[in-house]
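> Model the following, please.
(one chain, ligands or ions: 1)
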Amino acid sequence: MSDLSNKLTLVTGSTKGIGKAIAEAFIDKNARVVIHGRSRSELESVKESIGAFACVDGDLGSAEGCDSVLEQLAELGPVEVLVNNAGIFGVEEFFNIDDEEWLRYFQVNVMSVVRLCRALMPSMQENNYGRIINVSSEAAIKPLPQMVHYSMTKTSLVSLSRGLAELSKGTRITVNSVLPGPTWTEGVEKYFDGLAAEEGKPSQELIDNYFAEHEPTSLLQRFVDVKEVAHAVVFLALNGAINGSAQRVEGGIIRSI
Ligand SMILES: NC(=O)c1ccc[n+]([C@@H]2O[C@H](COP(=O)([O-])OP(=O)(O)OC[C@H]3O[C@@H](n4cnc5c(N)ncnc54)[C@H](OP(=O)(O)O)[C@@H]3O)[C@@H](O)[C@H]2O)c1
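Take a look at the predicted model:
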């Protein structure tokens, strides 16, 4: 098992939701955690409240934003653990999604991960140690009709993770993806507001009936807790023998073995 003490760990999109829980879980393992988001004031307050090592800001939806994040990271030293968690999701009718929106999803959810891995993996290779964990989704292997664009980006992440794992052959670097199922976060609260508008029903009614109506195969029949996703990410970071895998944390929604 690998010791995470002192490891410089970047968690993208860690001002709230799953990312914040992941950051806290790594802090519990005494890692030096760098949190990330777009608002400097929000970052400073989260850094203070969870005891993070540092914070970096930037919009990961553009090459310039990724470069700015990388420049800030360069001041802190080589990143040893990279958790690509930042991502966007929302309900949109396929026939109404224009090219610009498709590309926005691809930029934030996929290209940010490509850009950060391309820049940060070489120092992991030089130091012969690294962990990369990409937060994908259950939607990667069960594309959602109300979020076709989002699902496609999450499938891309599973492929990207496996491809990068191939590049780690014979080293002490691992690259894995994590596939959470529906997890209760601020982002999901907004998702339900979108679904409510689309279906013309009150948001609370949709939440109460969500698993029966939308996720009948869920064995959990409740939302995953952010801490449950965070524990899976830390588990992958601790274990040097798991590489190139797609770890589900989806409460058994996917009916395959
Ligand atoms: N919640 C679920 O049910 C679920 C299920 C499967 C997979 N996931 C995946 O898990 C990840 C986190 O989801 P969540 O529910 O915790 O989301 P969330 O509550 O909406 O939080 C998203 C985080 O990503 C950051 N972010 C969003 N767009 C960004 C951008 N353009 N540049 C930089 N940072 C950006 C946000 O930072 P700001 O402070 O700047 O807004 C925030 O910290 C996502 O990749 C999502 O696809 C979630």
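> Now do the contacts for the residue of the stretch 101-250 of the chain found nearest the ligand.
Across the stretch 101-250 of the chain, no residue is closer to the ligand than residue 187, which sits at 2.5 Å (CB to the nearest ligand atom). Heads up, the C-betas are built off the backbone N, CA and C, glycines and all. Contacts for residue 187 (CB atoms under 8 Å, 6 or more residues apart in numbering) come out as 16-17, 89.
> And residue 150, by the same measure?
By CB under 8 Å, 6+ apart, the contact set of residue 150 is 88-90, 105, 109, 137, 139, 144.
> Residue 34 against residue 76, yeah?
Yes. Using CB atoms under 8 Å, residue 34 is in contact with residue 76, at 6.3 Å.
> Neighbour count: the two, which is higher?
Using other CB atoms under 10 Å, the more surrounded residue of residue 34 and residue 76 is residue 34, with 27 against 14.
> Just to be sure, the more buried one is in a strand?
Yes. Note on residue 34: a strand contains this position according to DSSP: H, G, I helix; E, B strand; the rest coil.
> what separates it from residue 83, distance-wise?
According to CB to CB, to the nearest Å, residue 34 stands 10 Å off from residue 83.
> so what sits against both of those two?
Shared contacts of residue 34 and residue 83, defined by CB under 8 Å, 6+ apart, comprise 9-11.
> Closest one to residue 239 out of those, please.
Taking CB to CB as the measure, residue 239 sits nearest to residue 9 out of those, at 15.5 Å.
> ok, and that closest one, which helix or strand is that part of?
Assigned by DSSP states H and E, residue 9 falls within strand 8-11.
> So what's the residue count around residue 195?
Per other CB under 10 Å, the neighbour tally for residue 195 reads 18.
> Please apply the same query to residue 145.
Residues lying near residue 145 (other CB under 10 Å) number 8.
> got a list of what it touches?
Shown in contact with residue 145 (CB under 8 Å, 6+ apart): residue 94.
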